[in-house]
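J.: 3D, please:
(chains A and B)
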Amino acid sequence: MSVPARSALGRRDFLATTAGVTLAAAALPGCAASVDDGSGSGSGTKKGASTLTVMAKDEDKKTIQAAEQVLGVKITYLAFDQTKLNAMLASKNPPDVVRGFGALDTPYFAARGLMADLDPYFAESSVLKISDLDPVNDLWRFDGEKQGAGPRYGMTKDYSQDGMFWYRTDMFDAAKLDQPSDTEPLSYDEWLDLGKRLVKRRLGKVKVYGLSAGGTLPTFMHLTASAGGKLFADDLASVDFSSPEAMKGLSWYLEYAKANIGPSPANPNPDGWDGPTYQAGRMAMAGDGYWFGGVIGGDPKLADVSRFAPAPQMGGHRISPTFGATGYWIPEGAKNKDAAWKFFEWYFAGQPAKDRASSGWGIPALKSLRPMMPKAQPFQKQSYAVQQQELPYFQMMTVTPYAQTTALDAVINKVLPGAVKSGTSAGKVADALNSQMNDAIAAGKELVG
Amino acid sequence: MSTGQLTGDTARAVPSPSPGAAARPARRRLSLSKRRAWAFYAFTGPWVLGFLGLTAYPLLYALWLSFTNSDGLSRRTSFVGLANYKEVFSDPDTMASLGRTALFTGITVPLSIVAGLMLAVLVNQPIRSRGLFRTLLYLPAVVPPVGAALTFKLIFDRDSGAANGVLDVLNINGVPWLIDPYARWVLITLTMWGVGNIMIISLAGLQDIPKELLEAARVDGASSWQSFTRITLPLLSPVIFFQVVTGIIGALQSFAPLLIALDPTPAGVTSVPESNYFYMINVFAQYFANGRYGYASAMLWVLFAFIVVITFLVFKVSKGAVFYTVEAEPAKDKPRTMGDA
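T.: Predicted coordinates for the structure are as follows:
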């Protein structure tokens, strides 16, 4: 008896079935992500959910894992990775709590509807009271048009006024230079001049940096704001590096980069950040805010020779913003928002917040915790006093919702090295930055509307 | 014999059921061809599923993305036709990164094949402890690329790296190896460090060369160089050809520069030194630093097409230079005789 050809499992049938199974499997997580919890509360918490997925940095890992005991939830810790976060957000399967920069992330993610509105939670909380929130937390607000207003989408864990700087008294003494004032800000030109005097070279190569002055988007926003202007237009849909204030800041930065007295996009610090370089005695002045005191505090010898100074000033406008306002947010698609909020209350107002406040790694984001800032060591006492005097000059700087700051930083990193090497004029550099950044912003605006 | 006949024969060979079996419900038996088909599909199924889910679906999804302005996160993604592809070819940065990658490929592929072959010839000599040498030279190739890159990052760290430590002992100023203009040399060194992989394949090829041929050449008065160029290299040509093709494909997709960069993250990708800013680094930056999923997907498809074209050209160019050992087939039309055997 012969077997009819169609009764055997054919290749086509097999492949079609396999493809169907695969696509169905691929579609299932998407379906799962869109399932409503049925609570009708809008909180997005699934009944019986007991796992909280937190994406954070390794330095926070132990603290976060301690939440398991305190809150009685299972914590799944994910190391922060922007690539992974974007992929999770794109697949509608985000973590419940995500680390981020209030100053830089909020408009971008909020404009795309990816952040959960935390106002209802704040309204009901007896632990995190609006009246106790430091103004820095407003960087986590976005009303669709501007930062600093509208719903709250996250909270700062601690912050610094990042235009301020630390300096090494031993290097100032060796160079026979007067130390900067604790109260009166230097002008940017004076700061640059100090950097030129403090730099040490050997065989034509920089052995000790005189100064570290950043070089990312917030650096240029601060330079411009300090000169009395704004880098972003009011509708946040374009940048203008050609305005007189922005040009002033850009020219200063180009002079700094050309002088080769410190790290810049044209000559990056091989250490990647200022900490090891400053600690190793290869940097005289580090343009880092109060948080850098945490690095200094861990090394008694360094603490002995380190002092803190106010943010330099470009023009007559004294401003001392934060470049990060690092904290956490809850994605709109989080599956366990109520537990995420409980984590917020514990992390931002409980023991972890107190520990952070007294560690010197940043200014606490709750006013009530400010008295806990460390003052025991001489350098802590000095930096605390300088920091207290700087607080009134805190001012928010607003970023565009249409492009991620990494994309705008990419433009800076692309344009500046060549410009510094070839000695391109500030005007031409401004044109190149305007053109490339505005293209990126325009492309993003099409997507957000 | 047809499938039907086979099945029929098998069916006839089955003994008649025992009397007691009549009470049991009739069990449908699968024919042999069906069983064979099921076995085949059961064994190949996992691979096919993996291919469809992990290769075909992402590829097609990326193809679709390449025709959109997607940033992966916004809801208003729209179809932009061939705009992304046009931009790939008109963007000087993208073309520059492709050129840089092609140059890197042009340098490292021949260099590593020559170095690998030389090492293979060396460790093929009858010397003492050659097993140890082979192991030591092959060892770096076993290290995962990420581990190797991180090791190099530590070795060439400006402040605490071993390279500058040695210079320091010699009272020479330390060098910032991981930034331009030195970064490209660190990358080339890293690539050459893994040459043991090529060595081991070349060694296998060398050992496959019949000794009789080399002995015959020696008897005929050929020098070592003549034996190497006239016998060893031609017989090794399929192995070298394999290394050229896989080397080119691997080098064009090189991602190591990011791993030895200062900060291998989406934010730090733009700080990869310009000389090491390769095509795949650019793709990564477009995806994750710039959020341009559509454009980055188009870049990937262009690279795919570029690799296909290059591979095709290599096959064409090497046609007369690669010699395969082919077993002689007996002539079909000539009846075999005892004498033939």
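
J.: where in the chain is pLDDT low?
T.: I'll assume chain A. For chain A, the stretches flagged by pLDDT under 70 are A:1-49, A:204.

J.: try again with chain B
T.: B:1-28, B:262, B:325-341.

J.: longest helix of it?
T.: helix B:92-123 (DSSP state H).

J.: can you list the residues of the stretch 151-300 of chain B near chain A?
T.: In this structure, the stretch 151-300 of chain B approaches chain A at residues B:157-159, B:173, B:176-179, B:262-263, B:265-271, B:274, B:285, B:287-292, judged by C-beta under 8 Å from any C-beta of the partner chain. Any C-beta I mention is one placed from the backbone N, CA and C, and that applies to glycine too.

J.: ok so, going back, which strands or helices does the helix or strand following the longest helix of chain B pack on?
T.: Beyond helix B:92-123 on the C-terminal side, the first helix or strand identified by DSSP states H and E is helix B:130-142. Helix B:130-142 is packed against helix B:92-123, helix B:196-207, with contacts defined by 3 or more C-beta pairs under 8 Å, 6 or more residues apart in numbering or on different chains; DSSP states H and E.

J.: please list the outside residues in contact with whichever helix or strand comes after helix B:130-142.
T.: For helix B:130-142, the succeeding helix or strand toward the C-terminus, using DSSP H and E, is helix B:145-155. Identification of contacts with helix B:145-155 by C-beta atoms under 8 Å, 6 or more residues apart in numbering or on different chains yields B:140, B:143, B:160-163, B:178, B:186, B:189-190, B:193-194, B:255-256, B:259-260.

J.: figure out how far helix B:145-155 is from the centre of its chain.
T.: In terms of C-alpha atoms, centre = their mean, to the nearest Å, the centre of helix B:145-155 is found 20 Å from the chain centre.

J.: got the buried residues for it?
T.: Judged by neighbour count (16 or more other C-beta atoms under 10 Å in any protein chain shown), helix B:145-155 contains these buried residues: B:Ala148, B:Ala149, B:Phe152, B:Lys153, B:Ile155.

J.: what about the third one, distance to B:Ser275?
T.: Spelled out, it's B:Phe152. For B:Phe152, the distance to B:Ser275 equals 15 Å [C-beta to C-beta, to the nearest Å].

J.: and the residue most central in space within chain B, how far from B:Phe306?
T.: Nearest to the mean C-alpha position of chain B, by C-alpha atoms, centre = their mean, lies B:Thr246 at 4.4 Å. For B:Thr246, the distance to B:Phe306 (C-beta to C-beta) stands at 16 Å.

J.: restricted to buried residues, select the contacts of helix B:145-155 in PyMOL.
T.: Buried subset of the contacts of helix B:145-155, written as a PyMOL selection, criterion 16+ other C-beta under 10 Å:
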select buried, chain B and resi 140+161+163+178+186+190+194+255+256+259+260
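
J.: from the contacts of helix B:145-155, pick the one nearest A:Met88.
T.: B:Phe255 (21.6 Å; C-beta to C-beta).

J.: what residues are up against A:Phe122?
T.: Going by C-beta under 8 Å, 6+ apart, A:Phe122 touches A:Leu128, A:Ile130, A:Arg152.

J.: quick check: angle from the host helix or strand of B:Ser297 to helix B:92-123?
T.: In the assignment (DSSP H and E), B:Ser297 maps to helix B:293-317. Following axes from the mean of the first three to the mean of the last three C-alpha atoms, to 10 degrees, one obtains 40 degrees for the angle between helix B:293-317 and helix B:92-123.

J.: how close does A:Thr326 get to B:Ile188?
T.: When distance is defined by C-beta to C-beta, A:Thr326 is 38 Å away from B:Ile188.

J.: higher neighbour count, these two?
T.: Shown here are A:Thr326 and B:Ile188; by other C-beta atoms under 10 Å in any protein chain shown, A:Thr326 has more neighbours (23 against 16).

J.: what are the bridge partners for that one, then?
T.: Legend: beta-bridge partners of A:Thr326 under DSSP bridges are A:Phe101.

J.: how much space between it and A:Gln69?
T.: The gap separating A:Thr326 from A:Gln69 is 25 Å, by C-beta to C-beta.

J.: B:Val269 now?
T.: Separation of B:Val269 from A:Gln69 (C-beta to C-beta): 38 Å.

J.: sorry, back to before: can you name the two of the contacts of helix B:145-155 that sit furthest apart?
T.: Spatially, the most separated pair among the contacts of helix B:145-155 is B:Ser160 and B:Phe255, at 25.1 Å (C-beta to C-beta).
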